[in-house]
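K.L.:
just to be clear, the model below is a prediction. Sequence and coordinates:
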Amino acid sequence: MFCPIDGSFQTDSTFATFTAGLKDDLVLPSLRSLKLRQTSLSDVSLDSFLKRCPALHRLDISFTGVRHPAALITGSSTFALQKLSLTSTSISGTDLIATLRILPELRTLALGALGGSYGPRSSGSSSATMTMSDEALRTITDILEPFQHLKNISLVGNTKLGSSSKSALSYFIARVGRKCKVCSELNILI
């Protein structure tokens, strides 16, 4: 079952009105894929809703106001995400690392333009706000290296990568990228 949230639930307040009308014991055991991309939803809205989705495998929260996905995922249930899209979210490096540590079954991971604060809340972004640094990439590489199923990763638009040295990108490609079928645009020549 695929469940996109349409435009009528784009803010925390309208989503809260929607979820308030649901029965307290309502669970969505067949929901496998949830796409919340380009909404103004934040952690507050998603916390209670994700608890109703015990079998979720794919979650797209790109271009949203989510900042602490690890807390949402661990507070929800025991689902094992296979696909996570965090493109253009304002997630800190610390929160990203905490999130990845609890998702060893990932097959697809989208980490484009992290910290870019794109989407409905902003008019643009600058490279000064980007959170994916070479140091963060090294830590993420160490976390992702043992992931047996990871086949697709995107780092598109992380403008700070490679700014201090090319070694973090080389390290990532040698340990993680080489195992992937798709390793999208690193925007740099190594």
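P.N.:
Arrived safely. Note that the structure is a prediction, hence the values are computed from the model and not measured. Residues are numbered from 1 along each chain as shown.
K.L.:
tally of neighbours for residue 182?
P.N.:
As a burial measure, residue 182 scores 10 neighbours (other C-beta atoms under 10 Å). (Glycine included, C-beta is placed from N, CA and C.)
K.L.:
nearest residue to it in space, please, no chain neighbours.
P.N.:
With C-beta to C-beta, 6 or more residues apart in numbering as the criterion, residue 182 has its nearest non-adjacent residue at 4.3 Å, and that residue is residue 152.
K.L.:
the one you found and residue 106 touch, don't they?
P.N.:
No: using C-beta atoms under 8 Å, residue 152 makes no contact with residue 106, being 9.3 Å away.
K.L.:
neighbour count for the two, which is higher?
P.N.:
residue 106 (20 against 15).
K.L.:
in space, what's closest to residue 146 - neighbours in sequence excluded?
P.N.:
Computed as C-beta to C-beta, 6+ apart, the closest residue to residue 146 that is not its neighbour in sequence is residue 104, at 7.4 Å.
K.L.:
just give the number of residues close to that neighbour.
P.N.:
Residue 104: 15 surrounding residues under other C-beta under 10 Å.
K.L.:
kindly report the same for residue 24.
P.N.:
5.
K.L.:
same deal with residue 26?
P.N.:
9.
K.L.:
run through the residues that contact it.
P.N.:
Contacts for residue 26 (C-beta atoms under 8 Å, 6 or more residues apart in numbering) come out as residue 52.
K.L.:
is it in a helix, a strand, or coil?
P.N.:
Here residue 26 is coil, with the state taken from DSSP: H, G, I helix; E, B strand; the rest coil.
K.L.:
ranges for the helices of this protein?
P.N.:
Counting by DSSP state H, the chain has helices at residues 12-20, 43-50, 69-76, 93-101, 134-144, 167-175.
K.L.:
export those helices to CSV and tack on mean neighbour count and mean pLDDT?
P.N.:
Output for the helices of the chain, formatted as CSV (neighbours: other C-beta atoms under 10 Å; pLDDT from 0 to 100):
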stretch, mean neighbour count, mean pLDDT
helix 12-20, 15, 82
helix 43-50, 20, 87
helix 69-76, 19, 80
helix 93-101, 18, 93
helix 134-144, 18, 94
helix 167-175, 17, 92
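K.L.:
a markdown table please, covering those and showing distance to residue 86.
P.N.:
Formatted as a markdown table, the helices of the chain follow (distance: least, C-beta to C-beta, whole Å):
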| stretch | distance to residue 86 |
| --- | --- |
| helix 12-20 | 19 |
| helix 43-50 | 13 |
| helix 69-76 | 7 |
| helix 93-101 | 7 |
| helix 134-144 | 12 |
| helix 167-175 | 17 |
